[in-house]
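**Q** Got a predicted model here, sequence first, then my questions.
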Amino acid sequence: MRGGIFVDKNLLFILGISIIIIVIFASGCTQDNNQINNQPTSHSNSFKITSSAFTQGGQIPQKYTADGEDISPPLTWTGAPSNTESFTITCEDPDASGLDDGAFFHWIIFNIPGNVTRLAEGIPNQKILDNGAKQGINDMDTIGYSGPSPPSGTHRYVFKIYALDVLLKLESGATKQQVNEAIQGHVLVKAKITGKYGK
């Protein structure tokens with residue numbers, strides 16, 4: 001009988017220790033999860049890009065298309081993290097057909113200095129800008145901006161901006177694949193604005 005009681009006490013002791021260990025472990029995991037969840041997210045929520053030429057989902061004026069002056073639209077962004085070293089901007093047409101690698105790129109511009117918050121309209125189609133930003137080669141095989149000109153119907157044109165923690169070690173004339181690979185692991189936040197244009 002005493003042997004049975006002795007065994008029961010041991011079992012209770014072991015069970016109690018196990019519960020304490022489980023509680024401590026669970027508490028530690030909860031604390032770790034809270035630390036992850038409490039990381040600042042305001043930048044990703046507040047980082048925005050806008051244009052005075054068109055609204056989100058709105059019509060892109062002909063001026064900024066291949067049917068008009070074919071110049072880049074004005075763009076402004078706010079809410080970038082303080083440790084942003086550079087920005088990369090692309091303009092993509094996801095509605096273009098017959099592409100093996102997704103969207104048709106109309107513009108690639110990178111290494112925009114981290115203290116810049118806007119691009120005026122009509123960025124010149126040159127390899128390197130006065131502020132040090134570089135332009136890649138678009139899917140028209142030209143440097144700089146090539147405006148919308150859908151063969152038929154209405155297409156979407158997505159202007160994406162990436163805030164990066166580095167300057168990209170790429171030469172001007174870089175391809176979309178090269179830029180995409182270079183920004184991997186360096187994107188702090190990103191934002192986009194989409195406009196539409198049809199014949």
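**A** Cool, got the structure. Numbering: from 1, shown residues only.

**Q** Just give me the neighbour total for the nearest residue to T175 once chain neighbours are set aside.
**A** The shortest distance from T175 to any residue other than its chain neighbours is 5.9 Å, reached at I137 (Cβ to Cβ, 6 or more residues apart in numbering). All C-beta spots, glycine's among them, are computed from the backbone N, C-alpha and C. I137 has 19 neighbouring residues, counting by other Cβ atoms under 10 Å.

**Q** which residues pair with I137 across the strands?
**A** I143 (DSSP bridges).

**Q** can you map out the helices along the chain?
**A** For the chain, the helices identified by DSSP state H occupy 2-37, 42-46, 176-183, in order along the chain.

**Q** separation between the residue nearest to T175 and T117?
**A** Between I137 and T117 the distance is 26 Å, computed by Cβ to Cβ, to the nearest Å.

**Q** Contact partners for L170?
**A** Under the criterion of Cβ atoms under 8 Å, 6 or more residues apart in numbering, the neighbours of L170 are 110-111, 134, 136, 178-179, 182.

**Q** what about the closest residue to A120 other than its chain neighbours, distance to N111?
**A** Nearest in space to A120, with sequence neighbours left out and distances taken as Cβ to Cβ, 6+ apart, is P74 at 5.7 Å. Remark: distance between P74 and N111 (Cβ to Cβ) = 20 Å.

**Q** Please identify which of these two sits among more neighbours.
**A** Taking other Cβ under 10 Å, P74 and N111 do not tie; N111 has more neighbours (24 against 17).
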